[in-house]
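Novice: Starting from these lines, generate the structure:
(2 chains)
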Number of protein chains: 2
Amino acid sequence: MTALRRIVLNSRPQGVPTSDNFRLEESTLPEPNDGEVSLRVRYLSLDPYMRGRMSDAKSYAPPVPLGGVMAGETLCEVLASRHAGFSTGDTVLAATGWCSHAVLSGDSVRHADTHGAAITTALGVLGMPGFTAYSGLKIIGQPKAGDTVVVAAASGPVGSLVGQLAKLYGARAVGIAGGADKCRYVKETLGFDAVIDHRSPNLAADLQAACPKGIDVYFENVGGAIWEAVFPLLNQYARVPVCGLVAEYNAPVSAGHDRLPAVMSAILRRSLQVRGFINYEFTDDYFSTFQREIGPRVAAGEIKYREDIVDGLDNAPEAFIGMLSGRNFGKLLVRVEAD
Amino acid sequence: MTALRRIVLNSRPQGVPTSDNFRLEESTLPEPNDGEVSLRVRYLSLDPYMRGRMSDAKSYAPPVPLGGVMAGETLCEVLASRHAGFSTGDTVLAATGWCSHAVLSGDSVRHADTHGAAITTALGVLGMPGFTAYSGLKIIGQPKAGDTVVVAAASGPVGSLVGQLAKLYGARAVGIAGGADKCRYVKETLGFDAVIDHRSPNLAADLQAACPKGIDVYFENVGGAIWEAVFPLLNQYARVPVCGLVAEYNAPVSAGHDRLPAVMSAILRRSLQVRGFINYEFTDDYFSTFQREIGPRVAAGEIKYREDIVDGLDNAPEAFIGMLSGRNFGKLLVRVEAD
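Specialist: Just a heads-up that it's a prediction; the model follows:
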């Protein structure tokens, strides 16, 4: 009998999640039926969107039910297979959620392919975070040579690829990150043209100085104070792909006055495009193109990435809570220990 | 000597424009130089965007200077030509502004072509208002069969074509208009599927009842209270072309609380697209396509339009002020009398 450990939603957060919102449960792993595979989880990906799934506000995806396993994508080893597409020992991607093992339909699982790059990139720069950067920037942002592209959380798995792709397409990449270490990494390792520390007391002035020709693409993944600094600098025909508002997941930031009329007026007067998206909107049409374009560059070291790996499933809630306040440095993964 | 009368910007409006903001000036028409044409204005088009040009807020187009002729497009007769492309008696479109006559470079003027429809349609359903409807709906709104398309000012030159095009492309057209006469016209003459009176005390409930499957395209030309009713009904992947905010030109409507976080959150959660535009962004690529597609349908009476014609240049300011509060019924034109 294999022990199955999983972390479930114990209660819905009010504002910032706390460890009380999570609960560890143990049971035993069932045997796979026909068409199913039995999986051991090796790595769990922790991502900001999970904060949204903890709430029961209307959204693109149903909320995690109270008592349900926290949703999440994992990199797994196949323990046993009763599906023709998989064999024992295969490495696969699966939506098992936050758990140590799972039995799933083989149709819901796919082989991990990283074009020669480290296998964990299947959860990061070559997985959903990378594809979020790619699809939002390329399909919605449409950067042209000479454009200025701004992205926050620039040392993170999405932002770091947004900036590197902007450079690849001939644009100027301006990143926003928190603290000297992350800023140095963004500029020196990732090769952004400029970086702003969001803890600067002069955020708006710093950003303006870094964007002397205004902003043509703002890849929105944080909201909050960054938006306030970006908004006046958006050029005519600027594009704003909106993939996250992590600063507002816990508590929406309100300006004390109604900002909507000024924003709508600017959208009209400057012909702005503001477009929300979830990467899976584009998966069918673009995911394989993305992997073919980006995979070899990651494998060759031309595109950089950084991982922040936490050991042990039990530590997932704390790591997740820390990520929401920017405590991680790189793609946050949990290495899930087998019992 | 031909007398030239023109209406200039006397002062910038504070809120709703008044007749004091305009001033009539008289002079004499100069002779055309080489490459120029001398024009008699037959019809002046009055359009909501002109309110924006009276302000000196930063915008896509420079403001009319104090003492400058009010900007506007006109349908003119060529009195004399020193440009190879035009002859005396030709009917042309020109950006003369609010005046009785003008001398312009022939290169800035073009022949009016209405595919057999009445010549005044060159300023309305087959001119910039029609092209605004066409480009915003078709290029940004991208209505599909079965979609629900909502447009306000539905009896006006832009809204009336938006709804008729929506029907043409297999979508459900829901119009918003002010008063029983306009609502009847929108439903019975233009053939919208449903119409809402924006003076209804139950605007939100009425709109919800008219859109049982939510809203896929909201063609935004008014802002204000209509947006509040529309916003909760926008479906996932809804498109919002923003071509005007006429309700907010005079005084932005503020909700008393900051609506921006909720709007940004909905843009993210429902993958909405909000896109401002000015028709001239698309003129080079699409204007001739538009005329070929729509011209014959207007000439054949399949696409309906309505004109509201005011006599005399002196009456242009009053007519314009009335338009901003919805007093016109149909495309507002001024028939400019020759002296």
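Novice: low pLDDT regions in the stretch 101-250 of chain A?
Specialist: Within the stretch 101-250 of chain A, the segments meeting pLDDT under 70 span A:249-250.
Novice: So out of everything in it, what residue is nearest chain B?
Specialist: Using Cβ to the nearest Cβ, A:Val242 is the residue of the stretch 101-250 of chain A that sits closest to chain B, at 5.0 Å. Using the backbone N, CA and C atoms, a C-beta is placed for each residue, glycine as well.
Novice: Quick check: bridge partners of that residue?
Specialist: Beta-bridge partners for A:Val242, by DSSP bridges, are A:Glu220, A:Gly276.
Novice: I'd assumed A:Phe277 was in contact with it.
Specialist: Yes - using Cβ atoms under 8 Å, A:Val242 is in contact with A:Phe277, at 7.1 Å.
Novice: Give me the more crowded residue out of the two.
Specialist: The residue with more neighbours, out of A:Val242 and A:Phe277, is A:Val242; 26 against 22, by other Cβ atoms under 10 Å in any protein chain shown.
Novice: got a list of what that one touches?
Specialist: A:Val242 makes contacts with A:Glu220, A:Val274, A:Arg275, A:Gly276, A:Phe277, B:Met264, B:Ile267, B:Leu268, as judged by Cβ atoms under 8 Å, 6 or more residues apart in numbering or on different chains.
Novice: The same query, at a cut-off of 10 Å, please.
Specialist: Contacts for A:Val242 were tallied using Cβ atoms under 10 Å, 6 or more residues apart in numbering or on different chains; they are A:136, A:140, A:218-221, A:223, A:227, A:274-277, B:264-265, B:267-269, B:271-274.
Novice: what does A:Leu207 give?
Specialist: Neighbour list for A:Leu207: A:150, A:174, A:176, A:194, A:196, A:198, A:200, A:215, A:226, A:229-230, A:232-233 [criterion: Cβ under 10 Å, 6+ apart].
Novice: Out of those, list just those in strands.
Specialist: If you go by DSSP state E, the contacts of A:Leu207 have A:Val150, A:Val174, A:Ile176, A:Ala194, A:Ile196, A:Ile215 in strands.
Novice: right, and out of these, which lies closest to A:Ser19?
Specialist: A:Ile176 (29.1 Å; Cβ to Cβ).
Novice: That closest one touches A:Val195, doesn't it?
Specialist: Yes - using Cβ atoms under 10 Å, A:Ile176 is in contact with A:Val195, at 7.2 Å.
Novice: Quickly list what's touching both of those two.
Specialist: A:Ala154, A:Ser155, A:Lys182, A:Cys183, A:Val186, A:Asp206, A:Ala210.
Novice: Can you give me the pLDDT of A:Ser254?
Specialist: Note on A:Ser254: pLDDT of 68.
Novice: Check A:Met1 too.
Specialist: 82.
Novice: care to break chain A down by domain?
Specialist: Under the assignment automatic domain parsing, the domains of chain A span A:3-124+A:306-335, A:128-280.
Novice: still on that earlier bit, shared neighbours of A:Val242 and A:Phe277, which are they?
Specialist: In contact with both A:Val242 and A:Phe277: A:Gly136, A:Ile140, B:Ile267, B:Leu268, B:Ser271, B:Leu272, B:Gln273, using Cβ under 10 Å, 6+ apart.
Novice: what's near enough to touch A:Gly322?
Specialist: Going by Cβ under 10 Å, 6+ apart, A:Gly322 touches A:Leu46, A:Asp308, A:Val310, A:Asn315, A:Asn328, A:Leu332.
Novice: Lowest-confidence one in those residues?
Specialist: A:Asn328 (91).
Novice: Wait, it touches A:Val334, no?
Specialist: No - using Cβ under 10 Å, A:Asn328 makes no contact with A:Val334, being 11.1 Å away.
Novice: Show me where the stretch 1-150 of chain A has its strands.
Specialist: With strands called from DSSP state E, counting those that start in this stretch, the stretch 1-150 of chain A shows them at A:3-9, A:22-28, A:36-45, A:74-81, A:91-94, A:101-105, A:110-111, A:148-151.
Novice: contacting residues around the spatially most central residue of chain A?
Specialist: Nearest to the geometric centre of chain A sits A:Pro129, at 4.1 Å (Cα atoms, centre = their mean). Shown in contact with A:Pro129 (Cβ under 10 Å, 6+ apart): A:45, A:47-49, A:73, A:121, A:123, A:156-161, A:243, A:279, A:305, A:331-332.
Novice: A:Leu39 now?
Specialist: A:29, A:32, A:74-81, A:86, A:90, A:92, A:94, A:96, A:99-104, A:109.
Novice: quick one on the thing from earlier: and the contacts of A:Leu207, which are buried?
Specialist: Among the contacts of A:Leu207, the ones that count as buried by 16 or more other Cβ atoms under 10 Å in any protein chain shown are A:Val150, A:Val174, A:Ile176, A:Ala194, A:Ile196, A:His198, A:Ile215, A:Ile226, A:Ala229, A:Val230, A:Leu233.
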